[in-house]
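**Q** Here is my input; please provide its structure:
(2 chains)
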Amino acid sequence: MMDHEAYRRALLADPSSDDAELRRHREACPECRAYAESLLRFESRLERALKLNFAAPAARLRPGRLALAASVLLALLAGAVWLAAPRASLAAAVVAHVVHEPQSWVPQTPVADPKLAAVLRDAHMHLNGEAGAVSYAASCEFRGHIVPHLVVQTAEGPVTVMVLVHETAAQEVQFDEHGYRGIIVPVAGHGSIALLMRSSDARMNDVEEVAARVREAIAWSN
Amino acid sequence: MKDRFGGNQRRARFQALCQSLRPDLLRFAFWLSRDRALAEDVVQETMLRAWKAQDSLLDEAAAKPWFLTIIRREFARTFERKRLPAVDIDELIRSEEPILAAAEESDLAEMRAAIFKLPDEYREPLVLQVLMGYSTAEIARELGLSGPAVLTRLFRARRQLRALCGEDTAQDPAE
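**A** Below you'll find the model as predicted:
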């Protein structure tokens, strides 16, 4: 049987660990459960602290970096730098974001309430349990804004939900690309919501049904 | 990302890939260097190297670790080229104050200053785990360490960070 010290040591190394022995100890020990909850709050703050917003340009140019600046200029001339790229479509940007966070699909267990609340707080929203259990919650950089990125476990399979309060959509958009089927739905006064599922898990009808359910489960606080 | 596409399409996909990953790459580089100007230089150089070596990226889903590895090598080159002077952490924090300040939550600025104070060998695995979502095995592979060594560093990183942030550490395990 794991002791308190071993439990806390393992938790400090990896607070989101889903190890069965850690789970058993947490369930049996109220003191360590309280410790874990406190650490998850700390972890949520740590995650937000690390996600710096680099919207403003750097204030200074480092002296002696002219060679680098020249190579960047060369790249610009060659058209190989992203800055000159046209703004990708919203659906493509959502898919690109999800493709590059493959770890978001992995967890199966519900995210701790304090962590979920911290992620949703910036979007001024709550999600009731009818949508399904939230197995992943992160505050992600998306097109210059920090947005909630959730994975909700539904009967149809896991679904990614991105709450895009800064992205208005004139109408509902469905997409099916790079192995993901999804939908972007406008939300009056709150931008839009993007939902997508892996094509292997769902048909477009499933996505539409899940989207309707998730929308009903969202309560806005402003 | 082998060339199943035409040149223009290939370039557009690479640009979109860079655009989607750049914020996280810049954050990673910043936490590694604690210097925004240097981080931006390194990310720019990384993008150029990645563009030249894009044929070696066979799976787009693995792009983020691929870029992170290039960033780490680029930093190593920077440190090889010129030996950087010993740093005064308080001066570093002052010079990066605009980016460390968090308008939304005042305690985040305090946390960011505390992260600056962590030794490199603790800060890097912590950033890989929390910001980049790396597993212990992935961190071990990237940093050339054993799994238990990574866990020890992560344990010490959080322990020190909690103390620096004034958290109640009475129930934290001893070394």
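**Q** What are the contacting residues of the lengthiest helix in chain A?
**A** Criterion DSSP state H: the longest helix present in chain A is helix A:30-50. Helix A:30-50 is touched from outside by A:4, A:7-8, A:11-12, A:15-16, A:25-27, A:112, A:114-115, A:118-119, A:138-139, B:27, B:31, B:102, B:105, B:107-108, B:111-112, B:115, B:127, B:130-131, B:158, B:161-162, B:165, B:167-168, B:171, with contacts defined as C-beta atoms under 8 Å, 6 or more residues apart in numbering or on different chains. In this view, the C-beta of every residue, glycine as well, is placed from N, C-alpha and C.
**Q** out of those, which are buried?
**A** In those, burial by neighbour count holds for A:7-8, A:11-12, A:15-16, A:25-26, A:112, A:114-115, A:118-119, A:138-139, B:27, B:31, B:102, B:108, B:111-112, B:115, B:127, B:130-131, B:158, B:161-162, B:165, B:167, counting by 16 or more other C-beta atoms under 10 Å in any protein chain shown.
**Q** So which residue is dead centre in chain B?
**A** Compute the mean C-alpha point of chain B, and by C-alpha atoms, centre = their mean the closest residue is residue B:28, 2.3 Å away.
**Q** residue contacts, that one?
**A** The neighbourhood of residue B:28, defined by C-beta under 8 Å, 6+ apart, consists of B:68, B:71, B:127-128, B:131-132.
**Q** try 6 Å this time
**A** If a contact means C-beta atoms under 6 Å, 6 or more residues apart in numbering or on different chains, then residue B:28 has no contacts.
**Q** Tell me the buried residues in the strand or helix carrying it?
**A** For residue B:28, the enclosing helix or strand under DSSP states H and E is helix B:7-33. For helix B:7-33, the neighbour count (16+ other C-beta under 10 Å) marks B:11, B:13-33 as buried.
**Q** With stretch A:178-197 instead?
**A** Neighbour counts over stretch A:178-197 (16+ other C-beta under 10 Å) mark A:180-187, A:190-197 as buried.
**Q** swap in stretch A:145-162?
**A** Within stretch A:145-162, the residues that qualify as buried are A:145-154, A:156, A:158-162, counting by 16+ other C-beta under 10 Å.
**Q** How about stretch A:106-125 and chain B, touching?
**A** No. For stretch A:106-125, no contact with chain B is found by C-beta under 6 Å from any C-beta of the partner chain; the gap never falls below 7.4 Å.
**Q** which residues sit against the least confident helix or strand in chain B by mean pLDDT?
**A** Across the helices and strands of chain B, mean confidence by mean pLDDT, DSSP states H and E is lowest for helix B:97-100: a mean of 72. Identification of contacts with helix B:97-100 by C-beta under 6 Å, 6+ apart yields A:52, B:36, B:109, B:112.
**Q** Compute the inter-axis angle for the longest helix of chain A and helix B:7-33.
**A** Orientation check (axes from the mean of the first three to the mean of the last three C-alpha atoms, to 10 degrees): helix A:30-50 against helix B:7-33 gives 120 degrees.
**Q** what helix or strand does residue A:150 sit in?
**A** Assigned by DSSP H and E, residue A:150 falls within strand A:145-154.
**Q** Kindly report the same for residue B:74.
**A** Residue-wise, residue B:74 maps onto helix B:63-81 under DSSP H and E.
**Q** after that helix, next one along is what?
**A** Moving toward the C-terminus from helix B:63-81, the next helix or strand (DSSP H and E) is helix B:89-95.
**Q** check whether that next one contacts chain A.
**A** No. Judged by C-beta under 6 Å from any C-beta, helix B:89-95 and chain A are separated, with a smallest distance of 8.9 Å.
**Q** Any idea how far that helix is from the middle of the chain?
**A** Relative to the chain's own centre, helix B:89-95 is displaced by 19 Å; criterion: C-alpha atoms, centre = their mean, to the nearest Å.
**Q** Give the buried residues for that helix.
**A** Judged by neighbour count using 16+ other C-beta under 10 Å, the buried positions of helix B:89-95 are B:92-93, B:95.
**Q** Show me where chain A dips below the pLDDT cut-off.
**A** For chain A, the stretches flagged by pLDDT under 70 are A:55-88, A:222.
**Q** got a list of what residue A:90 touches?
**A** Each residue near residue A:90 by C-beta under 6 Å, 6+ apart is listed here: residue A:167.
**Q** got the angle for the helix or strand where residue B:138 lies vs helix B:63-81?
**A** Using DSSP H and E, residue B:138 sits within helix B:136-143. Computed with the same axes, to 10 degrees, the direction of helix B:136-143 lies at 30 degrees from that of helix B:63-81.
**Q** In CSV, could you pull the C-alpha coordinates for helix B:136-143?
**A** Once non-C-alpha atoms are left out, helix B:136-143 reads as follows in CSV (Å, rounded to 0.1, in the frame of the first residue of the first chain):
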residue,chain,number,x,y,z
THR,B,136,7.5,11.4,-18.9
ALA,B,137,8.8,9.0,-21.6
GLU,B,138,8.8,11.7,-24.2
ILE,B,139,10.6,14.2,-21.9
ALA,B,140,13.2,11.5,-21.1
ARG,B,141,13.7,10.8,-24.9
GLU,B,142,14.0,14.5,-25.7
LEU,B,143,16.4,15.3,-22.8
